[in-house]
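Participant: Provided below for reference: sequence and predicted model.
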Amino acid sequence: SLWFRSAADKMAAEVKLHRTVLQLSTLFLGLLAAVSEPTDSDQTGPVIADDITRQHAREQKTGHEGDIGNNKLGLQDIVFIIQSQRYSYHADKAHQLRTNIIQQAQEIQQEPPTVIVLHEEWSGRGAWTIFPLLPKISQAFGQTAAWVFFCEDDTAVKVPALLDVLRNYDARKELFLGHALVDQEATIIHHFAFHQNPGSFSYPDFSAGWALSAPLLNRLAERWSEESHQSESTIIHHFAFHQNPGSFSYPDFSAGWALSAPLLNRLAERWSEESHQSEFTIDLKHELAMYIWDKGNGVRLTNVPQFCAGPQDNKGTSDCVTTFPTNFPKCGDPVADDAVFFAVKTCEKYHTDRVTVVLNTWGKQARHITYYSDTESSTIPTVTTGVPNTERGHCGKTYSIIRQFHSKDNLKNMDWLVIADDDTLLSVPRLLQLLSCYDPSEPIFLGERYGYGLTRGEDTGYAYITGGGGMVLSRAAVTKLLTSSCGCPANDSPDDMILGMCSEMLGVHVVHSQLFHQARPADYSKGYLSHQPPVSFHKHWNNDPFKVYNNWLVEKSENKHTEL
């Protein structure tokens, strides 16, 4: 429809503008990045209406949550929110976790806590970013609960032990609890924050669980509401300066107005910083911690050693109240290699260096792989898509690949399409194993999830799978995309973002997996990387891609001496 196309054009224009600003700031800040070797912390998901009724009754008996002493804290004072996903594989795990939490409460004869499966209670596009939900969570539980505890669908929780740990912290104070992660070095995925000392700032490992005290939750909700109101309306003035309206003046645009160069530059810098924080969701756990910290005016994360994720020794595991599986996800036999088609995007200038890496690493393990370039080369070999090469975006090239997967006779019987960059590093065996958990007859867009415009409101913007870590599309997703009117506004539009926008509009499941990585291993916390064996990394910048592949993506039983 015309509306559909105009909405896509508008969003694509916004994306292009923000990406340009982001690239300029990244170029500048990258020059300032300082490398250090910090360490992580020592230890390396009921219907809401019913719960509110029950908690209201408890409040009448016990009074306000601020009166709950640490020793009196019960499970009914804790709200569990499972950061779930809509796709059935993940939704089922969230339901199992919710059932397990309630069963543990019954076993110790405690009143069952409130347990919320996030995607079912709040179904908006931006719900997974948490930010737009802060006012709703505060309104529902801010006056009746002492703690809100968040965890992922794979997090294992020892409920009685968690209760004992939370009793060690004063819920009447503003507290932000979690398993602390720190950056190894200044990283692009965190906008080079704290580039002079990356290890000075910690953020929570969502897989280990994290918690907000009610006072902090309520303050964050109030702040978010105020900021959202300021940004969403240009029609009224929100009763600003209500005590003396005439004390503030603003320009008549019809008469013209002017900015001096110093003011323009300062406003541009401020807007760039705020735009990066508000428009793109890159690493939610870090962005959430930055928001709560509030440039030093808020609260820092308190590390809780008993919140655990990743490998633990026997002694360490006994102290853990939460754990996260370290085994690679397995739902049956690996998908047959005949069922997966790998498409590598490249161009002539990268045939010698980047493509050579793929040919000598994971490309040898992909049974069906094609290198799509702007020129044909018989030595690789490459094929052309008929789309001219672009410096950025590559939407035209990507959609050409998708159309070929959809229509070419030799590809029609394959279930999965994997689109990778020429500087993406993959573990093909692990990917085939992971795909055993997903159904290609359902529309799925799988990889590392980012977001654009989601924090404007609960049902704004869209999620997308970032291209560098590899994008996986099911046969059903490809069919749905190509039988719609959604597509590339221009050949150089950002392909991953356009695919995400179209997927959100068409009902394709945008599924996040922390096993895919848009950046290098050095760009992620060591604790985060310890969870499970990775499926992918991206970028050859400032690292040895062969070393990364051998150290991170090759099984112990494989030859670890892949070299050029």
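Facilitator: Perfect, thanks for sending it.
Participant: give the other helices and strands that the helix or strand harbouring residue 497 contacts.
Facilitator: In the assignment (DSSP states H and E), residue 497 maps to helix 495-506. Applying 3 or more C-beta pairs under 8 Å, 6 or more residues apart in numbering; DSSP states H and E, one finds that helix 495-506 contacts helix 2-30, helix 395-407, strand 444-447, strand 449-452, strand 462-465, strand 471-474, helix 475-482, strand 509-512. (C-beta placed from N, C-alpha, C; glycine too.)
Participant: now tell me what touches the fourth one from outside.
Facilitator: Spelled out, that is strand 449-452. Under the contact criterion C-beta atoms under 8 Å, 6 or more residues apart in numbering, strand 449-452 has outside partners 11, 15, 18, 126, 128-129, 279-282, 461-466, 496-497, 500-501, 510-512, 518.
Participant: could I get the average pLDDT for that strand?
Facilitator: Averaged over strand 449-452, pLDDT sits at 96.
Participant: in its sheet, which strands sit next to it, and in what direction?
Facilitator: According to DSSP bridges, strand 449-452 has the following sheet partners: strand 280-281 (antiparallel), strand 462-465 (antiparallel).
Participant: if we can go back for a sec, for the helix holding residue 497, list every residue counted as buried.
Facilitator: Buried positions in helix 495-506, judged by neighbour count with 16 or more other C-beta atoms under 10 Å: 495-504, 506.
Participant: got it, and stretch 346-365?
Facilitator: 346-347, 350-351, 354-359, 361-363, 365.
Participant: can I get those in a markdown table with distance to residue 335?
Facilitator: What follows is the buried residues of stretch 346-365, written out as a markdown table (distance: C-beta to C-beta, whole Å):
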| residue | distance to residue 335 |
| --- | --- |
| 346 | 25 |
| 347 | 30 |
| 350 | 29 |
| 351 | 30 |
| 354 | 26 |
| 355 | 25 |
| 356 | 27 |
| 357 | 25 |
| 358 | 20 |
| 359 | 23 |
| 361 | 20 |
| 362 | 16 |
| 363 | 18 |
| 365 | 13 |
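Participant: and the furthest pair within the residues you listed?
Facilitator: Distance extremes for the buried residues of stretch 346-365: the farthest pair is 347 and 365 at 23.6 Å, using C-beta to C-beta.
Participant: where does pLDDT dip in the stretch 251-400 of the chain?
Facilitator: 271-278, 313-317 (pLDDT under 70).
Participant: can you give me the helices in it?
Facilitator: Ranges of helices in the stretch 251-400 of the chain, per DSSP state H, counting those that start in this stretch, are 261-279, 284-293, 314-319, 354-359, 395-407.
Participant: between those helices, which one is nearest to residue 121?
Facilitator: Of the helices of the stretch 251-400 of the chain, nearest to residue 121 by C-beta to C-beta is helix 284-293, at 18.2 Å.
Participant: below-threshold pLDDT in the stretch 51-200 of the chain: ranges please.
Facilitator: Applying pLDDT under 70 to the stretch 51-200 of the chain flags residues 51-71.
Participant: which residues of it fall in helices?
Facilitator: Remark: helices assigned in the stretch 51-200 of the chain by DSSP H, counting those that start in this stretch are 88-107, 118-121, 134-141, 159-166.
Participant: roughly how far out does the second one sit from the chain middle?
Facilitator: Helix 118-121 has its average C-alpha position 17 Å from the chain's average C-alpha position, going by C-alpha atoms, centre = their mean, to the nearest Å.
Participant: could we number from 53 for the rest of this?
Facilitator: From this message on, residue numbering opens at 53, which makes the last subject helix 170-173.
Participant: quick one: list the elements packing against it.
Facilitator: Helix 170-173 is packed against strand 130-135, helix 140-159, with contacts defined by 3+ C-beta pairs under 8 Å, 6+ apart.
Participant: now the angle from the helix holding residue 549 to helix 527-534?
Facilitator: 90 degrees (axes from the mean of the first three to the mean of the last three C-alpha atoms, to 10 degrees).
Participant: and for helix 547-558, what's in contact with it?
Facilitator: In contact with helix 547-558 (C-beta under 8 Å, 6+ apart) are residues 56, 60, 63-64, 67, 177, 445-447, 449-451, 495, 497, 502, 504, 514-519, 523, 525, 529, 532-533, 536, 538-541, 560-562.
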